[in-house]
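Undergrad: Have a look at this prediction, sequence included:
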Amino acid sequence: MESLKAAMKSGQKTHRERYKLSGRKHLGLLEKKKDYLLRAKNFHQKENTLKKLKQKALEKNPDEFYFQMINQKTKEGVHVLPQNVKKYTSDQIKLLKTQDLNYLNMKCSVEAKKVKKMQNDLHMIDMADTQERNHVFFVDTKKECDEFNAAEKFDTFPELLSRKHNIPTRQMLMDPSSQFVNSHSEKQSQLSYAALEKRIQRENKLVQTREALALQRQLMGKGTVSKRKFNKKKPTYKWKKQRKH
């Protein structure tokens, strides 16, 4: 019997949703059956929830008392859940700040190494053009030595012989499809110096954060502290001297 029903359904005409006329597009989206089912299901869920809440309110005993009546509250008719803020002791806060301080020390050392490496690389690039370099050629006779032409040997222009690195050939300069790229051009040097400056700024911020956290740990310690000089950027503190027994 089931196979007969399946065979009958296979021959049925495919149901198609009605098409919205172009003259009625200004009226908005045409609701299909699947849209109506979702809307009806949502409406009935809300309706059932309201019925249960009304029934619960009618059956509630006005003399009942719960401790949550004191701990919780409503704001403009909306129930506000209390925020469970975990409280730490002074020793726990010190331990957390110590762990943060160790992490900042590690990050500061990493940034300092990166800054030093970038400074050394840029210094080597800048010094590359200032160093004197010699390119030695060997010839067999004195006549060849007198007639030796370095521009012809390098196949380049005489004006480019003063370059310390990457001397382009005539073919590289005359060919429009060939683009001679200087690996240490002025633009790349500017980008490298900009990256170095950002890295230095990041290192300075980490150092400032580390110093501020270390100061907080000191202020949480024992002893009476007074602010000696008011300065928003860098205040100074003084601890009262204590007699050691």
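TA: Yes, it's here.
Undergrad: can you count the residues close to Arg18?
TA: 7 (other C-beta atoms under 10 Å). For the C-beta atoms, the positions are set from N, CA and C on the backbone; glycine is no exception.
Undergrad: Over to Thr156?
TA: Using other C-beta under 10 Å, Thr156 has 19 other residues around it.
Undergrad: Helix, strand, or coil at it?
TA: Of the three states, Thr156 takes coil according to DSSP: H, G, I helix; E, B strand; the rest coil.
Undergrad: Could you double-check that it sits in contact with Thr169?
TA: Yes: Thr156 is in contact with Thr169 according to C-beta atoms under 8 Å; the separation is 5.5 Å.
Undergrad: got the contact list for the spatially most central residue of the chain?
TA: In the chain, the C-alpha nearest the mean C-alpha coordinate belongs to Arg202, at 13.6 Å (C-alpha atoms, centre = their mean). Contacts of Arg202 were listed using C-beta atoms under 8 Å, 6 or more residues apart in numbering, and they are Glu111.
Undergrad: give me the element it is part of.
TA: Here Arg202 sits within helix 186-219, counting by DSSP states H and E.
Undergrad: Give the rounded mean pLDDT of that helix.
TA: Averaging pLDDT along helix 186-219 yields 82.
Undergrad: If you count neighbours, what's buried in that helix?
TA: Neighbour-count burial for helix 186-219 flags Leu196, Arg199, Ile200, Glu203, Leu206, Arg210, Leu213 (criterion: 16 or more other C-beta atoms under 10 Å).
Undergrad: what's the most distant pair in the residues you listed?
TA: Spanning the widest gap among the buried residues of helix 186-219 are Leu196 and Leu213, at 26.1 Å by C-beta to C-beta.
Undergrad: quick one: the longest helix along the chain to helix 186-219, angle?
TA: Identified as the longest helix of the chain according to DSSP state H is helix 90-128. Between the axes of helix 90-128 and helix 186-219, defined by axes from the mean of the first three to the mean of the last three C-alpha atoms, to 10 degrees, the angle is 160 degrees.
Undergrad: Go through helix 90-128 and flag the buried ones.
TA: Leu101, Leu104, Lys107, Cys108, Glu111, Met118, Leu122.
Undergrad: Next, find the distance separating the closest residue to the third one other than its chain neighbours from Arg199.
TA: Closest residue in space to Lys107, ignoring its immediate chain neighbours: Leu206 at 5.5 Å, by C-beta to C-beta, 6 or more residues apart in numbering. Taking C-beta to C-beta, to the nearest Å as the criterion, Leu206 is separated from Arg199 by 11 Å.
Undergrad: Now do the shared contacts for these two.
TA: Contacts common to Leu206 and Arg199, judged by C-beta under 8 Å, 6+ apart, are Glu111.
Undergrad: Any regions of this structure where pLDDT drops low?
TA: 1, 15, 85, 123-133, 159-168, 170-187, 223, 225-234, 244-245 (pLDDT under 70).
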